[in-house]
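J.: This is a predicted model, with the sequence first.
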Amino acid sequence: MTEQEGDIAMNLTTFDSVRAGWVHFSNGDRLVRGYLAVPDEHGPWPVVVTAHENLGVTEHRQGVTRALAAEGFVSLTVDMFSRTGGMPPQNYVDPEDRRSKAFLAAQDELAVPDLQAGLDFAASLPEADGRRAGALGFCLGGGSVLVWATQTDDLKAVVSLYGIPILPPAYSPTGAERSRIPLLARLRAPVQFHFGGADEAIPADQIDLLEKALPTSATPAELHRYADAGHAYHDDTHPNHHPEAAALTWRRTVAFLRERLA
């Protein structure tokens, strides 16, 4: 057993068929936190790095990290709020201000290098096969993984759940709209999108624009919509949880990752 493997083993707790817990890894001279889950059987297993929504690495997000490991992936959710103590900004005046500050705290320029560092860390584990790596993103993270996939050849698959296609000015560090749609033409990995048909946080015309742009993608791209499902429908702790849409999204996500990371 390597020194790194021993350190990891001491920090992980067994949950049914997986081992999981908090870990830290380096991005230059900075430590980044993440929640790691690995199958309890010998690998090597493909790697999936997850970018969380604007609420951070919640209990639900930890559960999804473990669920991916149970499906046969080395699974790491990177805490993109590591710079703010592992919590989204707390000095907000209303929910919209909270979301704006969360997006700014985890802007692409900061989050993407941390995601890459997370992949480098996960790929170095003895349980992992870093040549078979993918990314999964939710809401805020759904856009982050798209940006990441234009900057690296390390990813072989990307799944984005209700990532906002066009960030409003208040969510962008430039103070101007930041559209994710032109990223399609620069993607280096196949992508699968998921949106609720009744998403109250994302204008339907933005999803329409993204869907119309799919043929411009440099890699295979597919988009799924789920009627009557609102924003964050996959989260079973959220008022918008839609069990049927969540279950179908999960099946499609796992199948896509297995196919692309085989």
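T.: Thanks, I have it.

J.: which residues does residue 209 contact?
T.: Shown in contact with residue 209 (CB atoms under 8 Å, 6 or more residues apart in numbering): 165, 166, 181. Using the backbone N, CA and C atoms, a C-beta is placed for each residue, glycine as well.

J.: let's see it at 10 Å
T.: Listed by CB atoms under 10 Å, 6 or more residues apart in numbering, the contact set of residue 209 reads 165, 166, 179, 181, 203.

J.: likewise residue 109?
T.: Residue 109 sits next to 147, 173 when contact means CB under 10 Å, 6+ apart.

J.: Secondary structure of it: a strand, I assume?
T.: No - Residue 109 sits outside any strand when classified using DSSP: H, G, I helix; E, B strand; the rest coil, being helix.

J.: Could you check how far it is from residue 55?
T.: Going from residue 109 to residue 55 by CB to CB, to the nearest Å gives 21 Å.

J.: same question, residue 129
T.: Residue 129 is 31 Å from residue 55, by CB to CB.

J.: Compare the two and say which is more crowded by neighbours.
T.: residue 55 (21 against 15; other CB atoms under 10 Å).

J.: Which helix or strand contains the residue nearest to that one when sequence neighbours are not counted?
T.: Nearest residue to residue 55, sequence neighbours excluded (CB to CB, 6 or more residues apart in numbering): residue 88, at 6.4 Å. Under the criterion DSSP states H and E, no helix or strand holds residue 88.

J.: How about the contacts made by residue 88?
T.: Applying CB under 10 Å, 6+ apart to residue 88 gives the contacts 52-56, 80-81, 98-99, 101-103, 105-106, 140.

J.: repeat that with 8 Å
T.: With CB under 8 Å, 6+ apart, residue 88 has these contacts: 54, 55, 56, 81, 98, 101, 102, 105.

J.: can you check residue 115 too?
T.: Counting by CB under 8 Å, 6+ apart, residue 115 touches 49, 51, 78, 80, 135, 144, 145, 148.

J.: Let me know how buried residue 226 is, in neighbour terms.
T.: Neighbour tally, residue 226, other CB under 10 Å: 21.

J.: Report the contact partners of it.
T.: Residue 226 sits next to 194, 195, 196, 197, 233, 242, 244, 245, 248, 249 when contact means CB under 8 Å, 6+ apart.

J.: Can you redo those residues as JSON lines, where the extra columns are distance to residue 40 and neighbour count?
T.: Below are the contacts of residue 226 laid out as JSON lines (distance: CB to CB, whole Å; neighbours: other CB atoms under 10 Å):
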{"residue": "194", "distance to residue 40": "29", "neighbour count": "26"}
{"residue": "195", "distance to residue 40": "34", "neighbour count": "27"}
{"residue": "196", "distance to residue 40": "34", "neighbour count": "25"}
{"residue": "197", "distance to residue 40": "38", "neighbour count": "16"}
{"residue": "233", "distance to residue 40": "30", "neighbour count": "26"}
{"residue": "242", "distance to residue 40": "31", "neighbour count": "23"}
{"residue": "244", "distance to residue 40": "30", "neighbour count": "12"}
{"residue": "245", "distance to residue 40": "30", "neighbour count": "24"}
{"residue": "248", "distance to residue 40": "27", "neighbour count": "15"}
{"residue": "249", "distance to residue 40": "26", "neighbour count": "23"}
